[in-house]
Structure formats: C-alpha cells, structure tokens
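# show me the folded form of this:
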Amino acid sequence: MLETQNLTKIYEDGRLAVDHLTMKVEPGEIFCMFGANGAGKTTTINLFLNFIPPTEGTALIEGIDVVREPLRSKEYVSFVSENVMLYGNFTAIQNLDYFTKLAGKRGLTKADYAAVLQSVGLQKDAYDARSKTYSKGMRQKLGLAIAIIKDAPNVILDEPTSGLDPKSGQEFLKLLTAMRDKGKSVLISTHDIFRAKLIADRVGFMKNGKLGLLMTRKELEGKDLTELYVQYMDERD
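Take a look at the predicted model:
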C-alpha cells in the first residue's frame, strides 16, 4: 500500500508544491493522478521515493516511513519515470541483469529477461543492442520491464505512456491490469486521460498541491473525464 499523511513540501523559494496531502492507494488498485504541469504530481512522487525531504507529514510504502527507513522502503516499490535512466553502453539484457541484481534478485536467466522484454513489446533485435541507440519509446519499454521483473508490491509511474505508440500503449494497459490483478498498488501520474479512464479504479485531480475531485470507476461511468478535468482546473479555489 502507498499512503501519505499530511504530506507537505515547501521549496526554498517559498513555493508550496504539495499541500497537506493525505491519500491511500490500496493493494489491487490503480490510482491515476491528473494535473497541469506544476500542480504537484511529480513532487508527490519524489517524496514517495525520498528523492526530496518533506517539509511536513509522512509518506509510507507498505507502512514504512520513507524518510526514516529509505533503503527498506525502496525494497517494496518499483518506479518508472517519464525519462527512463539506463546505462547507455549496456544492452537491454545487461540493463535488466544489472538492475535486477541491484534489487537483490538472483538466479534469473537470459531467457527470463527475454520473456519480460517480450511482454512489454520490445522488438527482439533490440535485446542485444546498446540502449543508447534506443528511441524514447524503446527506453520506456525497457524501464517497464525493469519494474516488472523486480516484482515489488507497489508500482509508481510518472507519465509511463509518454513515447509509446498506440499498439505499445494498449499492451502497457494489459500489463498494468495484470499488476492490479496480482494485488499490487499502482500509482500513475499522467496526462493521458483516455487510457487512464480505461484502467483506473480511482482518479484524482491535483491543483496547487492539493488532490481533489476523487472519483471511482463507477462514479465515472457515463461522464466525460476530459470535461471534468477542464472544469475542475478552471474553478477558482
């Protein structure tokens, strides 16, 4: 489970990026977080991953305080960023092997890695090519493969469909659904409203560091999510 309690971040210039955020992403749930650039989505993710310290409040992964026990908390989460960081001189197989062992998993074979790469739709001729030659979409697929093979109970994704073609985007939705069906907590920050509506169990709109207009899949039935988003963003606080 992913959880925040009164989580707040004020940057050195006085900007309030996250404003007393309290939320949960339950096991077996896909939660999609929308918002304009600067709304606080990425800051929230950075706080979950302990990339930056909170000003106030707590972020918890599987009940573990990410500030007090950063290394332990990271054992229980996988992360895919919009701009996946890879070792450019490593092949897809080598990157998978490196990050898998870094996560403490041993005993996986090249065939295991190839199966995961196939599941995310990376073409076979790229398995042994250096990742510095990859397009953004190919890098995104390899990042997803790294997250999948870690098999953590929680998954955080920041604009995960960025750079994916329509076919790869559909395959990605199936992967997320499979993660949910395995009982994982999945938090997604995205602008991709169309795809999000297809898979989200809950959505929330972030504005000025606050998460509002929380809606379940059932509550969204028959509603235009894009229209709801625009209306919420246009409302005055």
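# which residues in the protein form strands?
Under the criterion DSSP state E, the chain contains strands at 2-10, 16-25, 29-34, 56-61, 64-65, 77-80, 154-158, 185-189, 202-207, 210-216.
# wait, residue 134 touches residue 142, no?
Yes. With contact defined as CB atoms under 8 Å, residue 134 and residue 142 form a contacting pair (7.1 Å). Using the backbone N, CA and C atoms, a C-beta is placed for each residue, glycine as well.
# quick check: beta-bridge partners of the residue most central in space within the chain?
Note on the chain: the residue nearest the mean C-alpha position is residue 157, at 1.1 Å, using CA atoms, centre = their mean. Assessed by DSSP bridges, residue 157 has beta-bridge partners residue 80, residue 188.
# got the contact list for it?
Counting by CB atoms under 8 Å, 6 or more residues apart in numbering, residue 157 makes contact with 79, 80, 147, 186, 187, 188, 189, 190.
# just give the number of residues close to the fifth one.
Just to be clear, that refers to residue 187. Neighbourhood size, residue 187 [other CB atoms under 10 Å]: 23.
# confidence score at it?
Per-residue pLDDT puts residue 187 at 97.
# before we move on, the earlier item: per-residue confidence at the residue nearest to the centre of the chain?
Residue 157 is given a pLDDT of 94.
# with residue 229 instead?
Looking at residue 229, the pLDDT reads 87.
# and it, how far from residue 156?
Going from residue 229 to residue 156 by CB to CB, to the nearest Å gives 21 Å.
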